[in-house]
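*Asks:* Dropping a prediction and its sequence here:
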Amino acid sequence: MKVVHIITGLIQGGAERALYNLVKHDNSNIEHIIISLTDSGFFGKYIEDLGIECYYLEMPRRRLKLKSLINLYKIIKNLKPDIVQTWMYHSDLIGGIIAFLAGVKKIYWGVHNFNLDLNVTPLSTIITARLCGILSHIIPKKIIICSKQSISVHKKLFYRNIFEVINLGFDLSKFHFEEKTKTLIKKSINLCEKSLVIGCVARWDIIKDHENLIKSLKYIKSDKKLFDKIYLLFIGNNMTHENNELTEIIKENNLNEIELKLLGSKNNIDEFYSAMDVHILSSKGEAFPNVICEAMSSEVVCIGTDVGDVKNIIGNTGWIVPRSNPVQMGIAITNAINEFSNSVKWNEKRRLSRERIKNNFSMNKMINRYILVWKSTEF
């Protein structure tokens with residue numbers, strides 16, 4: 001079976017990582033080929049290193065380019081794929097139409113979004129999603145969606161009800177806790193030994209709502225005798241001191257008790273999870289956030305806003321709070337700090353966190369579900 005994947009780009013995003021993991025860990029006889037509408041991004045090199053054929057159309061973001069569309073049509077006609085799997089709205093729309101015109105019978109869309117509010121999502125993306133809703137009655141055989149909670153959102157956009165929920169899968173051999181790594185990371189960024197480390201792995205983006213998290217820190221009530229210091233590590237693209245908008249929000253909130261570390265993007269994020277005691281997702285809208293699963297796989301207890309499938313991921317291993325509510329977020333962080341002081345109870349939470357990902361969101365489970373859907377759909 002030959003599967004051509006069409007994706008908008010290969011940056012460090014959730015859908016892009018899911019595609020990379022899928023083609024990397026699939027041990028079946030499926031031939032995977034990748035077409036990026038833009039460039040090689042972050043994952044392109046890593047995918048090529050797997051021996052997988054990749055095409056980069058160099059299409060400008062948010063702008064159609066006729067030459068690239070013609071090139072995409074020619075590539076699909078030449079490859080003659082059994083299946084075309086698209087990823088995210090723009091590739092669903094563009095890749096879906098071109099594959100349809102090229103005569104591909106089995107086209108599958110991929111949806112990896114939850115919040116389509118205009119205040120957090122670009123207008124062009126909302127328009128694209130609405131167009132996809134109309135065309136979903138013509139083009140795809142199935143719509144693979146990573147979050148069950150996202151289905152109702154897309155039904156309101158008139159998407160055809162041909163959804164297949166496939167949660168993202170995670171490689172537990174990559175994400176795991178190591179005491180030695182924790183010590184090394186804490187030393188490398190100058191964290192004192194007796195400290196509580198809170199992490200937030202998220203690029204600078206309005207939908208990630210870092211401001212909500214920063215504001216919540218004012219509502220934390222901690223026993224200063226428990227720790228010499230509490231740190232909050234911000235990790236992600238543009239999470240640096242050069243980000244004037246971010247640093248201004250920090251100054252406005254006058255945070256004294258907690259020291260913030262702006263660390264930017266990290267390629268060895270699996271090692272940084274080992275240094276964290278708590279991980280926080282403060283997002284306004286996520287479908288199925290990778291970072292929660294990665295942190296839990298690393299035995300990090302999580303706090304997350306009630307968006308997408310976060311409640312289903314965390315379960316009873318951590319805390320769920322309403323989105324954009326710094327008071328409730330602060331209370332949850334306070335509860336986590338208090339429980340952290342009980343090492344027996346905390347270690348059990350850590351163990352259960354990893355166990356939940358292992359039992360529910362394994363890599364093999366994701367891959368097997370994709371293959372089952374691809375093979376079960378009739379022409």
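*Replies:* Happy to help now that I have it.
*Asks:* Could you list the low-pLDDT ranges of the stretch 1-150 of the chain?
*Replies:* 120 (pLDDT under 70).
*Asks:* Can you show me the strands along it?
*Replies:* With DSSP state E, counting those that start in this stretch as the criterion, the stretch 1-150 of the chain has strands at 2-7, 31-36, 53-56, 83-87, 107-111, 142-145.
*Asks:* so N238, which of the three states?
*Replies:* Put simply, N238 is coil when judged by DSSP: H, G, I helix; E, B strand; the rest coil.
*Asks:* Name the nearest residue to it, ignoring sequence neighbours.
*Replies:* Nearest non-adjacent residue to N238, counting by Cβ to Cβ, 6 or more residues apart in numbering: W204, 3.8 Å away. Heads up, the C-betas are built off the backbone N, CA and C, glycines and all.
*Asks:* ok, the one you found touching N244?
*Replies:* No: W204 is not in contact with N244 according to Cβ atoms under 8 Å; the separation is 11.1 Å.
*Asks:* more neighbours, those two?
*Replies:* Taking other Cβ atoms under 10 Å, W204 and N244 do not tie; W204 has more neighbours (17 against 8).
*Asks:* Show the contacting residues for the more buried one.
*Replies:* By Cβ atoms under 8 Å, 6 or more residues apart in numbering, the contact list for W204 reads H210, G236, N237, N238, M239, N243, E245, L246.
*Asks:* do the same with I76
*Replies:* Going by Cβ under 8 Å, 6+ apart, I76 touches V4, V84, I98, A99, A102, V104.
*Asks:* Now restrict those to buried residues only.
*Replies:* Burial by neighbour count, judged by 16 or more other Cβ atoms under 10 Å, picks out V4, V84, I98, A99, A102, V104 from the contacts of I76.
*Asks:* For the third one, give me its contacts.
*Replies:* The one in question is I98. Here I98 is in contact with L69, L72, Y73, I76 (Cβ under 8 Å, 6+ apart).
*Asks:* Sitting in helices, which of those do you find?
*Replies:* Per DSSP state H, helices hold the following members of the contacts of I98: L69, L72, Y73, I76.
*Asks:* so what's the first one closest to, chain neighbours aside?
*Replies:* When the adjacent residues along the chain are set aside, L69 lies closest to I98, with 6.4 Å between them (Cβ to Cβ, 6+ apart).
*Asks:* I'd say I6 and I33 touch.
*Replies:* No: using Cβ under 8 Å, I6 is not in contact with I33, being 9.6 Å away.
*Asks:* So between those two, which is more surrounded?
*Replies:* I6 (30 against 19).
*Asks:* Give me the number of neighbouring residues for the closest residue in space to the more buried one that isn't next to it in sequence.
*Replies:* Excluding the flanking residues, the one nearest I6 by Cβ to Cβ, 6+ apart is G95, at 3.3 Å. Around G95 there are 29 other residues, counting by other Cβ under 10 Å.
*Asks:* which residues does G95 contact?
*Replies:* By Cβ under 8 Å, 6+ apart, G95 lies in contact with I6, I35, L37, L72, V84, T86.
*Asks:* so how far is V344 from it?
*Replies:* Relative to V344, G95 is positioned 52 Å away (Cβ to Cβ, to the nearest Å).
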